[in-house]
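1. using only what follows, build the 3D model:
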Amino acid sequence: MKYFLRSFFLVIAISSFGQNAEFKSIVSELQTNLIDVQTGDETYTHELELLEHSVLKYTLVEVDEKGNREELTYEFNVADLDPYVVREETKKDIIYLSLTVDNGQKFIKKYQNGEVKGYEENMLMVTKNIDNARIIKDLIKKSIPLAEDIMSKKLSVDTYPEMEIWLTEHVVNAESSGKAYNQTLVALDDFPGNFRLIQTEITAKTSQEKQYIFNLADININSLKFNISGSSFSLDFETNRKQKLIKVLDNGAPKGFDDEIEIFTNNVEEARDLKNILTKAVPLAEDLVEGSIQKFEELQSALDYLGQFVQNIDYGDESMEQVVEGDCLLKITQVDADAKSTKKTTAEFNLIDVNGNLIDFDVTSGKMFVEFTTKESLDLLKMYENDEFDGYDDELKIYAENVEVARRIKASLEDAIRICERDYIDPFADMSVEQKIGWLTENMEEVRIGDETITQTFERIDETDPEKIKLTKLEVDAKGGQEEIFEFNFTDINPKSIQYKIGSKTLAISFETKFKEDIVKYYKDGEIENYQDGFDLSMTDIEAARNVILVFNQIIAELNE
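-> Prediction:
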């Protein structure tokens with residue numbers, strides 16, 4: 001086996017060497033066939049130089065009859081040329097050979113008298129005559145597949161650690177359009193795939209440093225593209241879904257988050273190599289990041305992990321303190337403070353009410369957060385502001401220092417929700433229908449809303465018939481009281497209608513009869529009234545309301561059997 005592998009790699013090496021040798025041989029022939037050209041008014045001299053791999057430098061010097069000299073230089077990669085549009089082109093008394101980049105991309109770097117003039121998609125080589133043009137054309141067309149093969153073997157970087165090192169060594173200083181860019185890419189040790197790009201833009205009058213902290217796993221490889229503007233050539237990329245996941249610092253000060261980065265390069269080859277390595281590195285970084293996030297099967301471990309990343313954050317003039325407490329019944333407290341005020345917000349909720357499939361992170365007003373919502377967007381988060389009850393909500397944001405913290409908050413929340421759903425114990429599982437009705441008649445508590453007190457009691461109408469039940473509601477406030485009585489059969493209630501009914505600061509459960517029939521006997525202050533199609537129960541505790549909904553559904557289902 002070892003012999004086979006040695007032989008295999010030896011064949012590859014010999015093949016690669018052969019391709020390079022053949023390409024260099026063609027370049028040598030091209031150099032031989034570059035003949036000085038004399039026209040009526042000008043003299044043309046030209047030369048061809050092999051720079052590296054399959055990159056050529058073509059220099060054309062034109063001298064007119066007055067001795068005026070103009071030098072044009074083109075740097076291009078033969079692998080970029082479209083073989084189908086290599087053709088002769090006659091202009092007055094000169095036959096040129098026209099070379100065009102595949103797909104019309106501006107990959108040919110042009111210099112005029114030593115100064116960069118930008119990038120072109122086409123260039124012209126001067127030829128002596130039609131026979132000379134045809135010879136050069138055939139040589140160019142023959143060299144293109146060889147150049148493509150050379151480029152395919154150019155970067156022998158296969159593992160993520162190799163790619164990480166390569167990237168840090170090949171993001172280099174660049175110059176374009178009168179600006180210099182000092183660039184350093186540093187691989188960070190805190191989280192897999194994490195990098196810091198330090199980029200200083202220098203002009204004749206100013207110098208500005210920006211830092212970008214980002215993770216390769218967040219790059220959308222389909223967004224990698226060359227940006228060509230005048231003499232400037234760069235590689236741009238965006239984050240997945242254009243989320244603002246890249247932390248930005250401007251001259252050392254935090255400036256929020258962005259969704260794109262531009263790395264400046266000196267030429268096409270630098271940009272191309274960066275793109276190729278990033279294209280290979282991003283999927284590997286995704287695997288590394290996914291593997292670095294711990295998975296839990298025990299609730300306390302998931303919550304401990306969550307607590308590590310729900311941190312206090314300093315925004316300069318503003319700060320955010322965050323604390324997580326509890327188990328499946330979770331409590332999150334946030335204290336937002338600035339120079340003028342302090343606001344304390346507390347959310348209490350059950351993790352089984354959170355939609356684990358819709359947890360995501362995002363940025364607003366320069367702050368990154370992890371946001372989650374309840375299932376069916378029900379207002380099941382009980383909110384307090386400065387320790388005063390402030391109503392119910394269906395969503396909450398946990399703030400994060402950066403995307404690495406955010407993705408771990410998200411993952412630990414998802415695990416905790418899954419564990420709470422898995423380990424949820426039905427409190428009525430071992431009860432008979434009689435016991436469930438007994439629980440209902442014994443566990444309705446007094447409700448206080450402002451200056452109003454609501455007393456609600458269930459009782460059986462007929463001890464021999466579990467179907468029939470009576471609800472008595474007594475509402476008392478400063479102006480007086482009102483009593484309502486509802487008599488109904490359990491099996492007349494539509495179980496799908498039993499649901500939370502939540503106002504800005506009120507919590508209730510609504511019940512309706514099947515087909516909304518008016519068959520609930522109704523009394524008001526002792527007087528019989530018209531039959532009703534349903535009723536509400538006032539509640540102050542979501543867990544108590546959950547149990548009432550659950551036991552009602554179970555009683556109805558068992559009586560219908």
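
2. show me the helices in the stretch 251-400 of the chain, by range?
-> 268-292, 299-309 (DSSP state H, counting those that start in this stretch).

3. tell me which of those sits nearest to Thr455.
-> Of all the helices of the stretch 251-400 of the chain, it is helix 299-309 that lies closest to Thr455, at 36.7 Å by C-beta to C-beta. Where C-beta positions appear, they are placed from N, C-alpha and C, glycine not excepted.

4. then the closest one to CSV, C-alphas only?
-> Coordinates of each C-alpha in helix 299-309 appear next as CSV, following Å, rounded to 0.1, in the frame of the first residue of the first chain:
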residue,chain,number,x,y,z
LEU,A,299,-31.1,20.3,32.4
GLN,A,300,-28.7,21.7,35.0
SER,A,301,-25.7,21.2,32.7
ALA,A,302,-27.5,23.1,29.9
LEU,A,303,-28.5,25.9,32.3
ASP,A,304,-25.0,26.1,33.7
TYR,A,305,-23.6,26.5,30.2
LEU,A,306,-26.2,29.1,29.4
GLY,A,307,-25.2,31.0,32.5
GLN,A,308,-21.6,31.1,31.4
PHE,A,309,-22.6,33.1,28.3
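
5. output the contacting helices and strands for that helix.
-> Based on contacts counted as 3 or more C-beta pairs under 8 Å, 6 or more residues apart in numbering; DSSP states H and E, the elements that helix 299-309 packs against are strand 319-326, helix 403-423.

6. what's next to the first one, contact-wise?
-> In this case it means strand 319-326. With contact meaning C-beta atoms under 8 Å, 6 or more residues apart in numbering, strand 319-326 is reached by 303, 306-307, 310-313, 330-338, 398-399.

7. circling back to that earlier point, possible to save the helices of the stretch 251-400 of the chain as TSV with distance to Leu30?
-> Formatted as TSV, the helices of the stretch 251-400 of the chain follow (distance: least, C-beta to C-beta, whole Å):
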stretch	distance to Leu30
helix 268-292	20
helix 299-309	61
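
8. in CSV: these, plus mean neighbour count and mean pLDDT.
-> Output for the helices of the stretch 251-400 of the chain, formatted as CSV (neighbours: other C-beta atoms under 10 Å; pLDDT from 0 to 100):
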stretch, mean neighbour count, mean pLDDT
helix 268-292, 18, 96
helix 299-309, 18, 97
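
9. circling back: filter the contacts of strand 319-326 down to the buried ones, ChimeraX style.
-> Command for ChimeraX that selects the buried part of these, burial taken from 16 or more other C-beta atoms under 10 Å:
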select :303,306,310,313,330,332,333,334,335,336,398,399
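
10. in strands only, show me the contacts of strand 319-326.
-> Those of these mapping onto strands are 313, 330-337, 398-399, per DSSP state E.

11. okay, and the beta partners of Glu88?
-> On the basis of DSSP bridges, Glu88 is bridged to Leu97.

12. circling back to that earlier point, which stretch among the helices of the stretch 251-400 of the chain comes nearest Ile228?
-> Among those, if distance is taken as C-beta to C-beta, the winner is helix 268-292, at 8.8 Å.

13. the closest one vs helix 403-423, what angle?
-> 30 degrees (axes from the mean of the first three to the mean of the last three C-alpha atoms, to 10 degrees).

14. and Ile485, how far from Leu471?
-> Applying C-beta to C-beta, to the nearest Å, the value for Ile485 to Leu471 is 7 Å.

15. what is the mean pLDDT for stretch 399-417?
-> Mean pLDDT, taken over the full extent of stretch 399-417, equals 97.

16. between the two ends of stretch 335-351, what distance do you get?
-> Using C-alpha to C-alpha, to the nearest Å, the span of stretch 335-351 from its first residue to its last is 22 Å.

17. now it: how far from the chain's centre is it?
-> Distance of stretch 335-351 from the chain centroid (C-alpha atoms, centre = their mean, to the nearest Å) equals 27 Å.

18. can you list the buried residues in stretch 498-509?
-> Using 16+ other C-beta under 10 Å as the test for burial, stretch 498-509 gives 498-500, 502, 506-509.

19. give me the contact list for it.
-> By C-beta under 8 Å, 6+ apart, the residues outside stretch 498-509 that reach it are 378-380, 389-392, 449, 510-511, 536-542, 545, 548-549, 552-553.
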